[in-house]
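Quick one, structure for this:
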Amino acid sequence: MDQKQTQTDERVLLQWQAKTAPSHFRGPRWYLLAGGFVVACAAYGILRGEWSFTIVMILVAGMYVLTHRSPDAEKKIAILEQGIVYEDEFTEWRFVKEFWMLQSPTYVELHMMLRKGRLHQEITIQTGDEDPHRIRAVLAKFIPERSGQGERLLDMIIRLCKL
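The predicted structure follows:
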């Protein structure tokens, strides 16, 4: 069976739709601090004669504004007896390496590591209205859970800075 093939005739054990990243409230203070940071970095680049740094900072700020205008779209995931379907792409269990769940006060995130040849791809989706304990119990029947996995440093910085 092809890894990319979409399966619709298999028994669905769990299915839900949720965001892949948490929504952050960014008030006027956040925008003032972020804008001040970009202006300070650009001014530093100008004063030091590092024009490429100044241009990069302005482009990064512009790209951030363009990519964060609309809220994150919700993604669909289904856990089947033969594998998972994420955004209409079927992956057999033999290509799913492991899973782990990260819990915060406001949401729970499911992470799954997929094997694609020599490369690994990570699926991240919030559990939404689905019970995290139920998700864990179903997934544990098919793939191992990575124990002791915490939030990565870069993800923590992104969360704390509300990026």
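
Okay, now the unreliable bits of this protein?
For the chain, the stretches with pLDDT under 70 are 1-10.

Now do the helices in it.
28-48, 51-67, 132-140, 153-160 (DSSP state H).

can you tell me which of those helices comes nearest to Glu81?
Nearest of the helices of the chain to Glu81, taken as Cβ to Cβ: helix 132-140 at 10.0 Å. Every residue, glycine included, has its C-beta placed from N, CA and C.

What residues of the closest one count as buried?
For helix 132-140, burial by neighbour count (16 or more other Cβ atoms under 10 Å) applies to 132, 135-136, 139.

Which other helices and strands does it contact?
strand 12-19, strand 74-80, strand 96-103, strand 108-116 (3 or more Cβ pairs under 8 Å, 6 or more residues apart in numbering; DSSP states H and E).

Kindly calculate the angle that it makes with strand 74-80.
Interaxial angle of helix 132-140 relative to strand 74-80 (axes from the mean of the first three to the mean of the last three Cα atoms, to 10 degrees): 50 degrees.

Quote the end-to-end distance of stretch 110-122.
Across stretch 110-122, the terminal residues are separated by 10 Å (Cα to Cα, to the nearest Å).

and that stretch, how far from the chain's centre?
Mean-position distance between stretch 110-122 and its chain equals 13 Å (Cα atoms, centre = their mean, to the nearest Å).

buried set for it?
In stretch 110-122, counting by 16+ other Cβ under 10 Å, buried: 110-112, 114.

repeat for stretch 31-43
Within stretch 31-43, the residues scored as buried using 16+ other Cβ under 10 Å are 34, 38, 41-42.

what's in contact with it?
With contact meaning Cβ atoms under 8 Å, 6 or more residues apart in numbering, stretch 31-43 is reached by 53-54, 57-58, 60-61.

then it to CSV, C-alphas only?
The C-alpha trace of stretch 31-43 is given here as CSV (Å, rounded to 0.1, in the frame of the first residue of the first chain):
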residue,chain,number,x,y,z
TYR,A,31,3.3,45.3,19.1
LEU,A,32,5.0,48.3,20.7
LEU,A,33,7.8,46.1,22.1
ALA,A,34,8.2,44.1,18.8
GLY,A,35,8.2,47.2,16.7
GLY,A,36,10.8,48.8,19.0
PHE,A,37,13.0,45.7,18.8
VAL,A,38,12.9,45.8,15.0
VAL,A,39,13.6,49.6,14.9
ALA,A,40,16.5,49.2,17.4
CYS,A,41,18.0,46.3,15.4
ALA,A,42,17.6,48.3,12.1
ALA,A,43,19.2,51.4,13.7
